[in-house]
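Enquirer: The following comprises the amino acid sequence and a computationally predicted model.
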Amino acid sequence: MEGMVTDLTLAKENQASFEEYLSNNANANPGIDLTVTALTTGFWPSYKSFDPNLPPEMVKCVEVFIDFYQTKNKHRKLTWIYSLGTFNIIGKFEPKTMELIVTTYQAAALLLFNSSDMLRYSDIMTQLNSTKLKKADMLDDLGL
C-alpha cells in the first residue's frame, strides 16, 4: 500500500514535469490535452488490455510522452494499459455539440468516423486491430 501511495505522488510530479516539458518544447505539443499516470507495475494489479491500432491523434500523444519519459527514465519500459484510459471528446452533432467521456477503445473507434461517415463493424475491428478478439469482448471493451 505504501508503494501505491508513493507511486501516485511520483505520478503527479511526473505529470507536472511533463507539462513543463511541453511548455518548453513547442515541437513536442501533442495537440491534445494529455495526462498520463505512470505507475510501477509491481505495486498494482494486472489488467486485461489489448493494443489497438491507434488513430494518428493518439499515436502522436503516445510518442510525445515516450520522448519525454525517456529523457527522465532511460532504463524503464512503459507499458500502456489502454483499458484504463479515458477521453473527453467534443462531438459535433447536428444541431448541437456534446462532450463525451469515453474509454480509450471507444475514443479510437469514434475517431475513425472523422474520415468516414459510415463503417461496418468488421471495418472497425480491422482498423483497430481487434480481429483477434471475440466479438463479445470487443463490444464489452467499446461499452456496447
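Expert: The structure has been received and is ready for your questions.

Enquirer: Give me the distance from stretch 20-37 to the chain's centre.
Expert: 14 Å (CA atoms, centre = their mean, to the nearest Å).

Enquirer: Any chance you could list what contacts that stretch?
Expert: Identification of contacts with stretch 20-37 by CB atoms under 8 Å, 6 or more residues apart in numbering yields 8, 11, 14-15, 18, 57, 60-61, 64-65, 67-68, 71. Every C-beta, even on glycine, is put in place using the N, C-alpha and C of the backbone.

Enquirer: residues near Met58, how many?
Expert: When neighbours are counted by other CB atoms under 10 Å, Met58 registers 21.

Enquirer: which residue sits closest to it in space, ignoring its chain neighbours?
Expert: Using CB to CB, 6 or more residues apart in numbering and skipping the chain neighbours, the partner closest in space to Met58 is Ala108 (6.5 Å).

Enquirer: The helix or strand encompassing the one you found - what's its average pLDDT?
Expert: Secondary structure assignment for Ala108, by DSSP states H and E: helix 104-111. Here helix 104-111 scores 89 as its mean pLDDT.

Enquirer: What is that helix packed up against?
Expert: helix 56-72, strand 86-93 (3 or more CB pairs under 8 Å, 6 or more residues apart in numbering; DSSP states H and E).

Enquirer: Grab the nearest non-local neighbour of Leu128.
Expert: In this structure, Leu128 finds its nearest non-sequential neighbour in Pro52, 4.4 Å apart by CB to CB, 6+ apart.
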